[in-house]
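Visitor: Take a look and give me a structure for this.
(one chain, ligands or ions: 1)
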Amino acid sequence: TEACLGAIEASSALNAFVHGTADKARDMAKAADARIKAGEATAMTGIPVGIKDVFCVKGVPSQAASKILDGFVPEYESTVTQNLWNAGAVMLGKLNQDEFAMGSTNEASCYGPAVNPWQGADGQKLTPGGSSGGSAAAVAADLCLGATGTDTGGSIRQPAAFTGTVGLRPTYGRVSRWGVIAYASSLDQAGPMTKTVRDAAIMLGAMASVDPQDSTSADLPVPDYESLLTGDIRGKKIGIPREYRIDGMPDDIAALWDKGADMLRDAGAEIVDISLPHTKYALPAYYVIAPAEASSNLARYDGVRYGRRAKLGQGDGIVEMYEKTRAEGFGPEVQRRIMIGTYVLSAGFYDAYYNRARKVRALIKRDFDNAYADGIDAVLAPTTPSAAFPLGAMDQTDPVQMYLQDVFTVTLNLAGLPGVSVPVGQDKQGLPLGLQLIGRPFEEGELLNQAMVLE
Ligand code: GLN
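Guide: Numbers count the residues shown, from 1 in each chain. From the prediction side, this is the model:
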């Protein structure tokens, strides 16, 4: 814990931690020490972790990197963080992210962007990805031994790929969403970000639980994931989806994909060419459904119930209060998504956009169901279409350019499936690249076992 607290201070230029909790960390470390001496430790006891700002932690500012939650200090604890503390983990602080988890570069944060510890040519500052950019940067720079992230459309896996770390998005329902500030409730899922697959297995085991406070929590026992890591994947069938071979895929991404398939084959898996025919509709469907749900979830920030309220002028009434609070509290990307969301949900366009997207979502899920029914155990694909790029390289006025970052990641969220990104190689500049394995629902243990072969 002391080593991490020192590293956090020395690496403040990474802007990974946005709120430190050093005193709390020291108290928790002492308690963990006592627990270890009493012989009551779990594998997480005494392990210092960072928490993405989107998780409510009792008594600690938790504002999803949004100005609108300035001053909000939760009076309750998210289930995920409570589970981690129950297992003996130590809280180092809150981690940077894109505002309300909307983004792929961590640039949409009220704290300014987190910085990737990997540097570009001539020391150029790179994005750690997003939205869990602070979590990824902190793990990659050894500021913590693990971090929590959330993945609505790739926000755990893409930052993991950009920083050479491991990121696991569990099956929808495996981890409780209670106390996690909502982005798109039917897609959101929290998961671990770590240095190794084994660490991800240990941390997932501590985070996951059946939770009556989340009606979508799956009523299934949480296995001992670490004990499932045998490294034996002989006879497993790994699907290579041909629709992911998009036009203009960079050579190093294509080569990485082949390398991953070879590693799995060498370990005794069978590599099978498969089709997921509705893949090309995933990105447009995601960018209808996610903003629709976001616009509804964000309606609660009204200047009354949480956080910030704008200064009002003479004669301003309640409508002006809402308008001014939301106009100054939400950043441009969040405002854009609220507008898209309310538009696709409006009476005149509901069928044309929202309902259509929901139908597409069902077809995407069916593609995976069919592959798994045919005996496929997991699907292998690149995590991202490129390595980390310089901060500022994305034109913030051209959101579609940024949305294209998510081309490989959003399908799994729409289908509710688990996926893990593992660092497998480098691009021509020596920057890390990741591959993802997409698994069968609620078989995270199996998935992690396969992922270990790619490490
Ligand atoms: N980049 C995607 C988005 O902006 C995914 C974000 C996420 O998974 N939270 O919606």
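Visitor: lowest average confidence, helix or strand, in this structure?
Guide: Across the helices and strands of the chain, mean confidence by mean pLDDT, DSSP states H and E is lowest for helix 399-403: a mean of 87.
Visitor: can it be found next to the ligand?
Guide: No. Helix 399-403 does not reach the ligand (Cβ under 6 Å from any ligand atom); its nearest approach is 7.1 Å. Yep, even glycine has a C-beta here, placed from its N, CA and C like the rest.
Visitor: Up against the ligand, what does the stretch 201-350 of the chain have?
Guide: Ala290.
Visitor: Pick out the residue in the stretch 201-350 of the chain sitting closest to the ligand.
Guide: Ala290 (5.3 Å; Cβ to the nearest ligand atom).
Visitor: And the nearest residue to that residue once chain neighbours are set aside, how far from Asn355?
Guide: Spatially, and ignoring its direct neighbours in sequence, Ala290 is nearest to Ala184 (4.2 Å; Cβ to Cβ, 6 or more residues apart in numbering). Distance of Ala184 to Asn355, given as Cβ to Cβ, to the nearest Å: 16 Å.
Visitor: Who has more neighbours out of these two?
Guide: For Ala184 versus Asn355, neighbours defined as other Cβ atoms under 10 Å are more numerous around Ala184 (24 against 13).
Visitor: And Ala137, how far from the ligand?
Guide: 16 Å (Cβ to the nearest ligand atom, to the nearest Å).
Visitor: Secondary structure element for that residue, which one?
Guide: Element membership of Ala137, judged by DSSP states H and E, is helix 133-140.
Visitor: which residues touch stretch 208-219?
Guide: 79, 83, 170-178, 185, 220-222, 442 (Cβ atoms under 8 Å, 6 or more residues apart in numbering).
Visitor: Now, the residues you listed that are in helices?
Guide: Residues of those located in helices (DSSP state H): Thr79, Asn83.
Visitor: Which one (most neighbours) among the contacts of stretch 208-219?
Guide: In terms of neighbours by other Cβ under 10 Å, the contacts of stretch 208-219 top out with Val175 at 31 neighbours.
Visitor: Would you check that it makes contact with Ala190?
Guide: Yes. Between Val175 and Ala190 there is a contact under Cβ atoms under 8 Å: 4.8 Å.
Visitor: all helices in the stretch 151-300 of the chain, in order from the N-terminus.
Guide: 157-163, 197-207, 251-266, 282-297 (DSSP state H, counting those that start in this stretch).
Visitor: Most tightly packed of those?
Guide: Scoring these by mean neighbour count under mean count of other Cβ atoms under 10 Å gives helix 157-163 as the most buried, with a mean of 35.
Visitor: Hmm, Ser295 is touching Arg336, no?
Guide: No. Applying Cβ under 8 Å as the test, Ser295 and Arg336 come out as separate, 10.6 Å apart.
Visitor: which SSE is Gly348 in?
Guide: Using DSSP H and E, no helix or strand contains Gly348.
Visitor: Phi, psi for it please.
Guide: Torsion angles at Gly348 (phi, psi; degrees, to the nearest 10) stand at phi -70, psi -20.
Visitor: okay, the closest residue to Gly120 other than its chain neighbours: pLDDT?
Guide: Nearest residue to Gly120, sequence neighbours excluded (Cβ to Cβ, 6+ apart): Leu126, at 5.1 Å. Note for Leu126: predicted pLDDT of 98.
Visitor: anything in contact with each of Val175 and Ala190?
Guide: With Cβ under 8 Å, 6+ apart, Val175 and Ala190 have common neighbours Val80, Met207.
Visitor: pLDDT at the residue nearest to Ala290, what is it?
Guide: Value for Ala184, per-residue pLDDT: 98.
Visitor: Report the separation between it and the ligand.
Guide: Counting by Cβ to the nearest ligand atom - Ala184 and the ligand are separated by 8 Å.
Visitor: quick one: contacts for that residue?
Guide: Contacts of Ala184 by Cβ under 8 Å, 6+ apart are Thr152, Gly153, Ile289, Ala290, Pro291, Ala292, Glu293, Ala294, Asn297.
Visitor: Take the residues you listed and lay them out in TSV including pLDDT and distance to Ile364.
Guide: Output for these, formatted as TSV (pLDDT from 0 to 100; distance: Cβ to Cβ, whole Å):
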residue	pLDDT	distance to Ile364
Thr152	98	15
Gly153	98	13
Ile289	98	11
Ala290	98	14
Pro291	98	18
Ala292	98	16
Glu293	98	17
Ala294	98	20
Asn297	98	22
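Visitor: quick one: buried residues of the helix holding Ala137?
Guide: For helix 133-140, a neighbour-count test (16 or more other Cβ atoms under 10 Å) marks Gly133, Gly134, Ser135, Ala136, Ala137, Ala138, Val139, Ala140 as buried.
Visitor: Restrict the helix or strand just after it to CA atoms and write it as CSV.
Guide: Next helix or strand after helix 133-140 toward the C-terminus (DSSP H and E): strand 146-150. What follows is strand 146-150, C-alpha atoms only, in CSV (Å, rounded to 0.1, in the frame of the first residue of the first chain):
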residue,chain,number,x,y,z
GLY,A,146,-5.9,-4.0,-9.8
ALA,A,147,-8.7,-1.6,-10.6
THR,A,148,-12.4,-1.7,-11.2
GLY,A,149,-13.8,-0.7,-14.6
THR,A,150,-17.2,-0.7,-16.3
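Visitor: Name the single longest helix found in the protein.
Guide: helix 356-373.
Visitor: residue in the stretch 351-455 of the chain nearest to the ligand?
Guide: Counting by Cβ to the nearest ligand atom, the stretch 351-455 of the chain gets nearest to the ligand through Asp406 (4.8 Å).
Visitor: That residue contacts Pro284, correct?
Guide: No. Using Cβ under 8 Å as the test, Asp406 is too far from Pro284 to be in contact (11.2 Å).
Visitor: Quick check: closest non-adjacent residue to Glu226.
Guide: According to Cβ to Cβ, 6+ apart, the nearest residue to Glu226 is Ala201 (4.8 Å).
Visitor: how about the helices of the stretch 1-150 of the chain, start to end?
Guide: 2-10, 22-37, 79-86, 133-140.
Visitor: shaky segments in the stretch 351-455 of the chain?
Guide: Along the stretch 351-455 of the chain, segments meeting pLDDT under 70 are nowhere present.
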